[in-house]
Structure formats: structure tokens, C-alpha cells
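[1] Model the following, please.
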Amino acid sequence: MALFKKRTVGKPGEWYYCLRDQKVEEGPECPAKDRFGPYANRQEAEHAMQTARERNLEWETDPRWHDVTKGGDGNGSGSGGKGTPA
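    Model prediction:
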């Protein structure tokens, strides 16, 4: 028998979006791996998936993350591979 119970960590008044159950919850009910948050209020938590979509789109269209030069290996160095000069 375990000496201590593992509890989810959170403070009252923090809001989360549970990815597994697809619902908003006050205080963490589901495991950290299955939730977004904490959010300051219920409305922010309700829009968690939309916020994530917007941030993903922003990242995907950020030119700083797509700077592979011709002949590069995809790691952004443009050197032809494994960080060694071409």
C-alpha cells in the first residue's frame, strides 16, 4: 500500500481544459498529460482548443521556423548535415 496518495496539483480558482473528457474543470481533475491550463477564468479555458489552433497556425507560418537553405538537411543549419561545414 502506498504511503502517500498522489494528488493532482492546482489551486482553487484555476481553470483547466481536459483533453480526454473535452470539458472545462475548476481545479485539475484529470492528469496533467491530459489537460491545458491553468487559465485565469472559465471563459479562457472554454476557448483552450481555439487558442491552441491559433498558436499552432502562428508557429507553422512563422518564417523563422522555416529557414532551411537550399541543400540543407532540414535542421536549419544549411550546412549539408550534422552541423559540419559543407
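[2] Where do the helices of the chain begin and end?
    42-46, 48-60 (DSSP state H).
[3] would you turn those into CSV with mean neighbour count and distance to Trp15?
    Quick note: C-beta positions are derived from backbone N, CA and C, even for glycine. Shown next, in CSV, are these (neighbours: other C-beta atoms under 10 Å; distance: least, C-beta to C-beta, whole Å):
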stretch, mean neighbour count, distance to Trp15
helix 42-46, 15, 4
helix 48-60, 11, 9
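[4] bridging residues for the closest residue to Gly37 other than its chain neighbours?
    Nearest non-adjacent residue to Gly37, counting by C-beta to C-beta, 6 or more residues apart in numbering: Tyr16, 3.5 Å away. Beta-bridge pairing of Tyr16 under DSSP bridges involves Glu25.
[5] Against Met49, how distant is Tyr16?
    13 Å (C-beta to C-beta, to the nearest Å).
[6] do Gly13 as well
    Gly13 is 22 Å from Met49, by C-beta to C-beta.
[7] Gly37 now?
    12 Å.
[8] Tyr17 too?
    Tyr17 sits 7 Å away from Met49, taking C-beta to C-beta as the criterion.
[9] Could you do Thr61 as well?
    Between Thr61 and Met49 the distance is 19 Å, computed by C-beta to C-beta.
[10] With Glu29 instead?
    If you go by C-beta to C-beta, the gap between Glu29 and Met49 works out to 17 Å.
[11] pLDDT below threshold where in this protein?
    In the predicted model, the chain carries pLDDT under 70 at residues 1-10, 66-86.
[12] got the contact list for the nearest residue to Asn41 once chain neighbours are set aside?
    Using C-beta to C-beta, 6+ apart and skipping residues adjacent in sequence, the residue nearest Asn41 is Trp15, 6.1 Å away. By C-beta atoms under 8 Å, 6 or more residues apart in numbering, Trp15 lies in contact with 24-26, 37-42, 44-45.
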